[in-house]
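1. Whatever this is, show me its structure:
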Amino acid sequence: MTYIRLSVVKPRPGFEERAVELLEAMSAATADSPGWQANYVLRPHDDSGEVARISIYNDEASAEREAATPSVLSLRSELLLIIERGHRERAFFSV
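-> Modelled structure (predicted):
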């Protein structure tokens with residue numbers, strides 16, 4: 001069953017490009033790992049200032065394994081310092 005993780009963040013003013021760089025680095029760090037299917041970093045069609053990352057895996061275990069790697073944890077820690085509070089992270093299973 002496909003597992004999809006969606007993260008939506010709003011960078012603090014002045015950190016917009018760095019946030020995109022970090023999301024892209026997380027995508028690169030997980031690309032080609034076992035169970036990985038695809039990653040996308042997205043900008044919205046509106047002026048919300050939010051940025052999103054979608055990661056698609058074969059299953060939840062693959063996604064959790066990659067989220068717990070030192071490289072992803074390090075990038076995520078840096079990201080949390082430059083985004084506004086209240087970001088959203090959701091997970092979905094295919095139906």
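
2. got a list of what R85 touches?
-> Listed by C-beta atoms under 8 Å, 6 or more residues apart in numbering, R85 has no contact partners. For glycine as for every other residue, the C-beta is placed from the backbone atoms N, C-alpha and C.

3. What separation do you get for it and Y57?
-> 27 Å (C-beta to C-beta, to the nearest Å).

4. residue nearest the centroid of the chain?
-> With distances taken as C-alpha atoms, centre = their mean, R53 lies nearest the centre of the chain, 4.1 Å away.

5. quick one: contacts of the helix or strand encompassing that one?
-> Using DSSP states H and E, R53 maps to strand 51-57. Residues outside strand 51-57 that contact it (C-beta under 8 Å, 6+ apart) are 2-11, 16, 19-20, 23, 26-27, 30, 35-44, 63, 66.

6. now A29: how far from G14?
-> Taken as C-beta to C-beta, the span from A29 to G14 is 24 Å.

7. the more surrounded of these two?
-> Neighbours were counted for A29 and for G14 using other C-beta atoms under 10 Å; A29 has more, 16 against 8.

8. and the more buried one, helix, strand or coil?
-> Secondary structure assignment for A29 (DSSP: H, G, I helix; E, B strand; the rest coil): helix.

9. same deal with S77?
-> Going by three-state DSSP: S77 is helix.

10. That one: how many residues sit nearby?
-> S77: 10 neighbours (other C-beta under 10 Å).

11. now swap in the one 5 residues further on and tell me
-> Under the neighbour criterion other C-beta under 10 Å, I82 is assigned a count of 15.

12. Neighbours of the residue lying closest to it once chain neighbours are set aside, how many?
-> Nearest in space to I82, with sequence neighbours left out and distances taken as C-beta to C-beta, 6 or more residues apart in numbering, is F15 at 3.9 Å. The number of residues packed near F15 is 17, by other C-beta under 10 Å.

13. And the pLDDT for F15?
-> Note on F15: pLDDT of 97.

14. I'd like the distance between it and D46.
-> 19 Å.

15. and if you look at R76?
-> Distance of R76 to D46, given as C-beta to C-beta: 25 Å.
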